[in-house]
Structures are given as structure tokens and as C-alpha cells.
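Engineer: 3D, please:
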Amino acid sequence: MHEEKTVEFNDWYIIDTPKTLDEVYGQDTIVNHFKNKQRDQKFDKSTMLVGQYGSGKTVLAKILAKSIACKNTNDKGEPCDNCPTCNAVNNETYNRDVVYMNGTNMSAADVDKILNNCFVTPATKDRAKVFICDETQGFSPAAIERFLIETASPKKGFFFIFTAMSKLQGKNPGALQSRCKQWKMKIPQAEEIYPFLGSIVLKKKLQLPKEFLTEGLQFISENCNLSYRQALQMLQQCVEGEIFTVEKIKETFDVVSYDDACKILTHLSHGVRDKLVFETVTGQDYQEKLPLLLMVMGNAAAYAAFGNAYIDSHEKWKWKQPAEIANGPHFQKLCDTFDNLATKAYIKRGEWLMALSRFLLEVNEEAPAGVSKLDSGRPSVAEEPKKVVRRKTM
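Structural biologist: I've put the predicted structure just below:
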């Protein structure tokens, strides 16, 4: 008989997600607070972590849950990360006294059923009962009300850890947050994501081209929507697909980089009508480009307002490109154009084409010296070949 082969997932963002506080990047204030809680073994009854996707909310929630529930903590109060309690959290089986609930796929009835069953008895397998309530903004008002009841009169040996991306539902969305020790997750920055990716490369002992380790990782860090999770997913795809140049990364992930956005807006603010501008105006992915273009326009507007007054010498490089945009003769009109576009929840293709084409027609009929005009692809009248008329011979 043939031995049956098992199929396993190989997602780095799951396998290599931080399991201890020392592995968490970019959240130093929260990490230090949780380390103090571990050391003193005195934990908050209700904790809420608020932040954008990919910032590490769920990762921190799991580490905190293990710290509370694990029976084999070391002298620093850190969970052993090897016992059945820790494994149930790491492997997401949740078959002990740590309970996981996700607001994106649970009804109020589901929440009631879990809480009613769990509050009947204290923890029997772990040191305490811990409820991880992930994506709390997705819970219905009725479910939020139930959480309000349980957190209003906390019971000994029961802990709640909430995560949320945005405001909660219900008549008083701030009521539940007011019952919790609330922490605002810091939005990861490229300079924090870059060393995180480097640590993964070292951990996995990957042998990668030098160019990728410098320019490639830096590009991923700057173009992962400020998300550790997305950055790790992009890294894995690059390694497995042997995508090691910036150009190939841009092509594979259809990335419009910050540098690309700056170049596009610089050309527009100076009235340049070249191939780059043409592809931006007529391209199909304008909806995806718009948030980045608006962010860069915001930086340029900030530079126009404040100039160099508050820019430190070591940060001048960050403002060089926004300065070039702001110094364009048509910058204000470009601001007005993007302001009008930004007010719409959805921009039809025709609106996008009309807005930017009208801008270009109004600000500049001729391309600046040294810049070739956009070629329509059709020959001019003077260039059209003359027809050759041949007379019939007798």
C-alpha cells in the first residue's frame, strides 16, 4: 500500500508570525507595557487594541492570551510557548480555555451561546479563561451590548482582549472601549518593516541576490500598504517565484510606487504631456492609483504651506520630490482637480479621463522645451504617402 501524503499550508505570514513580545516590531510602547504585566503577573481585565489591518493587533492579542493562560511561564512571566495551552493558541485550535471570536462571521446568537457556555464554570484546563474578540467592529449592536454586560461586572479568572479597526456598532460605540485599557496600534513605517523582513531572511537562512536584499526589500517595505502581513506575503512570493528586481516586483504586484506617483504628479504640475502621463490618464487602474496620488499631493501641499521651516536637515531627501511637485506652475490647479475627484466615493472612468484631460488642456497646449509631444500614432497630412498613379499603356 502507498503511504498517504499529507497536505500542509506554507504561508509565512502564519508560520512566521511573532510568537513572543521580543519578536514584535514597531509597537515598543505596547510591548513594554505587556512585558511589565508579564513580570508582575497582574493583567488588565479588558484590553482593546485598535489599529489598521496588518499592524499586528491579533498577533499581540494571542501573545497576551498565552501570557494570561499559560501555566508554565518563566521567571519573567513569559509563556513557555510549548505547552498544550500555548499550542492551542499558536495553532488556532482553541480547544481549551482560550476562546476566539471573530466579529466578521459571528451573529449575536453565536456570541450569546459561547459566553453562556463559558461563564458556567471557571477555567479547568488553563490558568484563566481568556476571550479574544477579534475584529470587534464587525460584531452587531446586540453582541456589543452582551460584551458590555460581561465587562461591567468582571468575574475573577475571566479576561477579555478586543481588537478593532474602526468604530464599534451600537447606540454608544464608545461604551465598551471605555471599559477597556485601550491601546492605539502604531501604523508601521517602511523603516520598521524593512528590518522585519531582514529578520525573516536571517531566520530562514535564505540565500538571495544582494540587489534584492537592499533595493528589493526596501521597495516591498515602501509598497506593502504599511502592513507587516502584506510585506511578508510579498516577500514569500518573490522568493518562491525568483522575482528579485524592482522592475519585476512592480510588474508582478502591479505596484505604483511612491517614486512613480511623485514623477507622475511632477509632470502634471509642470504641464508635461509624455507617455507616463498618457498611461496614467488613460490607464485602467486609476482607482488603485488615486489613494497614493492623493497622499503624495498632501505631502506636496504641506511643503507648499510650510516650506523648509520645520524640515530637519537629515530628512530633506523625503521632501525633495513633494517640493518639485509644489513648485510646478500648475500645482494649485492640480490640487483643485484632485480635490474634486477625492470627494467621490467611486469615480467613473469617463470622469477620470475628463478631469485630467481638461486639466492638461487648460494648463498647457504645448509641451515644454526638451520634452517630446505625445505621438498620436497617426501620420500628419504632410507625412501621408502620395498615391502613385500609373497610366495604362496601349
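Engineer: doesn't V99 fall inside a strand?
Structural biologist: Yes. Per DSSP: H, G, I helix; E, B strand; the rest coil, V99 lies within a strand segment.
Engineer: if you skip the residues just before and after it, what's nearest to it?
Structural biologist: Computed as C-beta to C-beta, 6 or more residues apart in numbering, the closest residue to V99 that is not its neighbour in sequence is F131, at 5.0 Å. All C-beta atoms are positioned from the backbone trio N, CA, C, and that covers glycine.
Engineer: mind listing the residues bridging to W183?
Structural biologist: In this entry, W183 is beta-bridged to L49, by DSSP bridges.
Engineer: give me the packing partners of the longest helix seen in the chain, helices and strands only.
Structural biologist: If you go by DSSP state H, the chain has its longest helix at helix 286-306. Where contact means 3 or more C-beta pairs under 8 Å, 6 or more residues apart in numbering; DSSP states H and E, helix 286-306 is packed against helix 258-269, helix 316-326, helix 331-342.
Engineer: ok, the residue lying closest to N299 once chain neighbours are set aside to A304 distance?
Structural biologist: Leaving out its chain neighbours, the residue that sits closest to N299 by C-beta to C-beta, 6+ apart is P322, at 4.1 Å. Distance from P322 to A304, counting by C-beta to C-beta, to the nearest Å: 9 Å.
Engineer: looking at those two, which one has more neighbours?
Structural biologist: Taking neighbours as other C-beta atoms under 10 Å, P322 and A304 compare with P322 leading, 21 against 16.
Engineer: hang on, the more buried one packs against G307?
Structural biologist: No. P322 is beyond contact range of G307, at 11.2 Å (criterion: C-beta atoms under 8 Å).
Engineer: show me the shaky parts of this protein.
Structural biologist: The model of the chain has pLDDT under 70 over residues 1-6, 345, 364-394.
Engineer: and I200, helix, strand or coil?
Structural biologist: State at I200, reduced to three classes by three-state DSSP: helix.
Engineer: number the chain from 398, please
Structural biologist: Noted, 398 is the first residue going forward, which turns the last one into I597.
Engineer: can you tell me, leaving aside adjacent residues, what's nearest to it?
Structural biologist: Per C-beta to C-beta, 6+ apart, closest to I597 is D413, 5.9 Å.
Engineer: just Q681 next, same as before
Structural biologist: Take Q681 and drop its neighbours on the chain: the residue closest to it by C-beta to C-beta, 6+ apart is R746, 8.0 Å away.
Engineer: does E475 touch K416 like I think?
Structural biologist: No. Applying C-beta under 8 Å as the test, E475 and K416 come out as separate, 10.5 Å apart.
Engineer: what do these two both touch?
Structural biologist: Common contact partners of E475 and K416 (C-beta atoms under 8 Å, 6 or more residues apart in numbering): none.
Engineer: just give me the neighbour total for S710.
Structural biologist: So S710, with other C-beta under 10 Å, has 7 neighbours.
Engineer: how near is it to T642?
Structural biologist: S710 is 32 Å from T642, by C-beta to C-beta.
Engineer: try V496
Structural biologist: V496 is 46 Å from T642, by C-beta to C-beta.
Engineer: and these two? Which one has more around it.
Structural biologist: V496 (18 against 15).
Engineer: test my guess that the more buried one contacts D523.
Structural biologist: No. Shown here, V496 and D523 do not form a contact pair, counting by C-beta under 8 Å, at 10.5 Å.
Engineer: strands of the stretch 498-647 of the chain, residue ranges please.
Structural biologist: 526-531, 555-561, 578-581 (DSSP state E, counting those that start in this stretch).
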